[in-house]
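*Asks:* I'd like to go over a predicted model; first the sequence, then the structure.
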Amino acid sequence: MKQIIAITGLAAAVIVLSACGTGAHRMDASGNSGLTTVDDINFKDWQIAAEKGITSLLSSGALNRPDGRKTILMISTIKNSTSQHINTRILTDKIRQALLRSGKALTTTAVGGSGPDDKASKQVRELENDDMFDQSTVQKAGTAIAPDMSLAGEIVQQKTTSGRMRESYFFIHMTLTDLKTGLAMWEENVEIAKQEKKPLIGW
């Protein structure tokens, strides 16, 4: 009888504890207080990947041009080869913004690996010969600047389970290609490994 009471009490305690929680709150997105999940790439992982990529790219000299002109960069595709739904734009946007702030490159939104980020560059040129518009204000064909280089990459995930231990290894590969020659001018890898231990009760 005492054992039954003890078990019942334990079950009740588990239910009470599981019902407790904290309300939604804001946190510092640049800090380390966010959730860490094994299967997903979290916001801190994106920060680590972007910072390493940016630092490596800027220090490599790959963006420097002998004529002194700023490199025009297009964002190609970051291929998601994981089993998770990953919005890779978080990574590419962080890198693009950092490059613009550095003053070493300009990025085009008129062309991209998945289509233009902004279709307006092409749309406004379709206004040529439209008598609704003052033709002296219409952007003409042949004036947009084509990119010199493209940034592309791939994200790969490997999962491993051993007993109660589970881990994920994310491999993020980035490459910068000279569009004139097709040669890779810079490459960088970011490796993220995360591990957790399965509890005895629940998951």
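*Replies:* Here it is on my side, so go on. Everything quoted here is computed from the prediction, not taken from an experiment.

*Asks:* Confirm that Pro147 sits in a helix.
*Replies:* No. Applying DSSP: H, G, I helix; E, B strand; the rest coil, one finds Pro147 to be coil, outside a helix.

*Asks:* residues contacting it?
*Replies:* Pro147 makes contacts with 72-74, 108, 111, 179, as judged by C-beta atoms under 8 Å, 6 or more residues apart in numbering. From N, CA and C alone the C-beta is placed, and that goes for glycine too.

*Asks:* Just the element for the nearest residue in space to it that is not next to it in sequence, please.
*Replies:* Take Pro147 and drop its neighbours on the chain: the residue closest to it by C-beta to C-beta, 6 or more residues apart in numbering is Met74, 3.8 Å away. In the assignment (DSSP states H and E), Met74 maps to strand 71-81.

*Asks:* Tell me which residues are up against that strand.
*Replies:* Outside strand 71-81, the residues that reach it (C-beta under 8 Å, 6+ apart) are 63-65, 86, 88, 91-92, 96, 99, 104-108, 111-114, 117, 145-157, 174, 176-177, 179.

*Asks:* now stretch 107-123
*Replies:* So stretch 107-123 is contacted by 72-77, 96, 99-100, 139, 144-147, 150, 152 (C-beta under 8 Å, 6+ apart).

*Asks:* For it, C-alpha coordinates in PDB please.
*Replies:* C-alpha atoms of stretch 107-123 as PDB (Å, rounded to 0.1, in the frame of the first residue of the first chain):
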ATOM      1  CA  THR A 107      25.500  43.200 -53.800                       C
ATOM      2  CA  THR A 108      22.900  43.000 -56.600                       C
ATOM      3  CA  THR A 109      19.300  42.200 -55.900                       C
ATOM      4  CA  ALA A 110      18.500  42.100 -59.600                       C
ATOM      5  CA  VAL A 111      19.700  38.600 -60.000                       C
ATOM      6  CA  GLY A 112      20.200  35.600 -57.700                       C
ATOM      7  CA  GLY A 113      20.400  31.900 -57.600                       C
ATOM      8  CA  SER A 114      16.600  31.600 -56.900                       C
ATOM      9  CA  GLY A 115      15.700  34.500 -59.000                       C
ATOM     10  CA  PRO A 116      16.000  38.300 -58.200                       C
ATOM     11  CA  ASP A 117      15.400  39.400 -54.600                       C
ATOM     12  CA  ASP A 118      13.800  42.500 -56.100                       C
ATOM     13  CA  LYS A 119      12.100  42.200 -59.500                       C
ATOM     14  CA  ALA A 120      11.700  46.000 -59.800                       C
ATOM     15  CA  SER A 121      15.000  46.400 -61.800                       C
ATOM     16  CA  LYS A 122      13.500  44.500 -64.700                       C
ATOM     17  CA  GLN A 123       9.900  45.700 -64.200                       C
END
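
*Asks:* Identify each buried residue in that stretch, please.
*Replies:* Within stretch 107-123, the residues scored as buried using 16 or more other C-beta atoms under 10 Å are 107-108, 110-112, 117, 121.

*Asks:* How about stretch 180-188?
*Replies:* Buried, per 16+ other C-beta under 10 Å, within stretch 180-188: 185-186, 188.
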